[in-house]
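# Quick one: sequence and predicted model below, then my questions.
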Amino acid sequence: MTEIKSLIRTIPDFPKKGVLFRDITPVLKDPKAFKKVIDAFQKNTPVDIDKVVAIESRGFIFGAALALNLGIGFIPVRKSGKLPGKTIKAKYDLEYGTDTLEIHEDAIEKGDGVVLIDDLLATGGTSLAACKLIEKSGGIVKKVLFLVELDDLKGIEKLNGYDVFSVTHF
């Protein structure tokens, strides 16, 4: 996966000074690289999966493609107020304050095997909140998938107890 890692651009001081932003758009515009990523996700997805759940917004890109390949349903997890209908909510901590994620209350059936996917694992708060939403909905988190894992931020520690796979590490 060194080819995939080499395509991810590092943009210094974005969105604020001192941050090294990992830009995945070069991976998305390269159809061979994008296919390799989806293939890696599919290879690392357990066979007993009923739904793919993805976190807003870049997670949707990978989640929808993976769900289509697997022939199963795709479920979006969104920030508060973005989904119509009845939802289940989970709050999570940010650097300064909290935020809320939501999923439709009828999106996951009790006992559904679920794979969660997002583009990047940083501090792990968003991913952990999404796992809790899946479990609150009656689903079973079988695997958590990321394109990029930022090792220095130790987000993997918040996901202790979950089976995690990351395509690349920085």
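Noted; the coordinates are in hand. Numbers count the residues shown, from 1 in each chain.
# tell me the average confidence for the strand or helix carrying S127?
Taking DSSP states H and E as the criterion, S127 maps to helix 125-136. On average, the pLDDT along helix 125-136 is 97.
# Just the buried positions in it, please.
G125, T126, S127, L128, A129, A130, C131, K132, L133, I134 (16 or more other CB atoms under 10 Å). C-beta coordinates here come from the backbone N, C-alpha and C atoms, glycine included.
# any idea which helix or strand of this structure has the worst average confidence?
strand 87-94 (a mean of 91; mean pLDDT, DSSP states H and E).
# what lines up beside that one in the sheet?
Using DSSP bridges, the strands paired with strand 87-94 are strand 97-104 (antiparallel).
# Report the distance from the partner strand to the chain centre.
Chain-centre distance of strand 97-104: 14 Å, with CA atoms, centre = their mean, to the nearest Å.
# Can you give me the buried ones in it?
In strand 97-104, counting by 16+ other CB under 10 Å, buried: L101, E102, I103, H104.
# Turn those into CSV, including distance to D23 and pLDDT.
Output for those, formatted as CSV (distance: CB to CB, whole Å; pLDDT from 0 to 100):
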residue, distance to D23, pLDDT
L101, 24, 97
E102, 27, 97
I103, 28, 98
H104, 31, 98
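# can you redo those residues as a markdown table with distance to K82?
As requested, the buried residues of strand 97-104 are exported to a markdown table (distance: CB to CB, whole Å):
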| residue | distance to K82 |
| --- | --- |
| L101 | 10 |
| E102 | 7 |
| I103 | 11 |
| H104 | 11 |
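# Specify the beta-bridge partners of K89.
The partner residues for K89, given DSSP bridges, come to E102.
# Relative to D112, how far out is it?
Using CB to CB, to the nearest Å, K89 is found at 19 Å from D112.
# between the two, who's got more neighbours?
D112 (21 against 13; other CB atoms under 10 Å).
# Please report how far the nearest residue to that one once chain neighbours are set aside lies from E157.
Spatial nearest neighbour of D112, chain neighbours left out: D50 (4.1 Å); criterion: CB to CB, 6 or more residues apart in numbering. Distance of D50 to E157, given as CB to CB: 28 Å.
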